[in-house]
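**Q** have a look at this fold, sequence not included:
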Ligand SMILES: Nc1ncnc2c1ncn2[C@@H]1O[C@H](COP(=O)(O)OP(=O)(O)OP(=O)(O)O)[C@@H](O)[C@H]1O
């Protein structure tokens, strides 16, 4: 699904990513964890072809960058982030939640087209899965941050991406809103034939049981990567956060506290 070889990215005489080798295979779901400034967003921007590495090769969904039409490839990549939800609210706040979901399928929904009843039904089913069916006819700008993020998730899902990037999707949410959103993510993360998911966060407790692997990024370098139980250890996480922490697994999720 993803193959990065010796990716390096320099800006202003600084090495922001350094010798990144990473492979994600079909059937795996990965958490990408790192403190502020570790290079997570830079790595995601490289995966989407928004920025070009200074050296190294990038292969996503079997396509080698430099030899493929990135606009075409991006149609198979879904992206969910709190900033996307905010931006959507600013630009398309008058659309209803249901229209926002449908816009994942047809870019012009809500502006020119009338959706088929089948599409509308699918959008409403997704809103139900994500716990916001009652909001289907509410204007997007009136929703809370957590509700907006769930609707944006449903919007990404309806497009049937092969790769779904969840970029700090819980950022800005309070504890119950975060747990609601994680519940929604867990619902589809467990589905067979769903997309490969990359879950990006600073917070290890957001790593849900369906996530199989973890990559720890520190100052532009991979500190550790592999099956999550081997990677999310007290030792590795203490090194990552530069602070002694203890990891405890509860109901398949890792939790950390200062040691
Ligand atoms: N275009 C650029 N020019 C100069 N420095 C940059 C550029 N883009 C990123 N950086 C620097 O690279 C480092 C990594 O940034 P990046 O946004 O990838 O980190 P991050 O892990 O996503 O951080 P956060 O969790 O805070 O969002 C930061 O120190 C940032 O200031």
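**A** Here it is on my side, so go on. These figures come from a predicted structure and were not determined experimentally. Numbers count the residues shown, from 1 in each chain.

**Q** looks to me like residue 121 is in a helix.
**A** Yes: inclusion of residue 121 in a helix is indicated when DSSP: H, G, I helix; E, B strand; the rest coil is applied.

**Q** which bits of the stretch 151-259 of the chain sit near the ligand?
**A** Where the stretch 151-259 of the chain comes near the ligand, counting by CB under 6 Å from any ligand atom, the residues are residue 202. All C-beta atoms are positioned from the backbone trio N, CA, C, and that covers glycine.

**Q** all helices of the stretch 151-259 of the chain, in order?
**A** Counting by DSSP state H, counting those that start in this stretch, the segments of the stretch 151-259 of the chain that form helices are 175-189, 228-231, 234-241.

**Q** can you put those in JSON lines and add mean neighbour count?
**A** Conversion of the helices of the stretch 151-259 of the chain to JSON lines gives the following (neighbours: other CB atoms under 10 Å):
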{"stretch": "helix 175-189", "mean neighbour count": "17"}
{"stretch": "helix 228-231", "mean neighbour count": "17"}
{"stretch": "helix 234-241", "mean neighbour count": "18"}
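
**Q** now render these as TSV, adding distance to residue 124 and mean pLDDT.
**A** Shown next, in TSV, are those (distance: least, CB to CB, whole Å; pLDDT from 0 to 100):
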stretch	distance to residue 124	mean pLDDT
helix 175-189	15	86
helix 228-231	34	96
helix 234-241	41	96
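
**Q** JSON lines please, covering these and showing distance to residue 25.
**A** Conversion of those to JSON lines gives the following (distance: least, CB to CB, whole Å):
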{"stretch": "helix 175-189", "distance to residue 25": "16"}
{"stretch": "helix 228-231", "distance to residue 25": "15"}
{"stretch": "helix 234-241", "distance to residue 25": "22"}
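
**Q** can you pull up the most central residue in the chain?
**A** With distances taken as CA atoms, centre = their mean, the chain has residue 166 as the residue nearest its mean C-alpha position (1.0 Å).

**Q** just the pLDDT for the closest residue to the ligand within the stretch 151-259 of the chain.
**A** Of all residues in the stretch 151-259 of the chain, residue 202 sits closest to the ligand, with a separation of 5.9 Å (CB to the nearest ligand atom). Here the pLDDT value assigned to residue 202 is 89.
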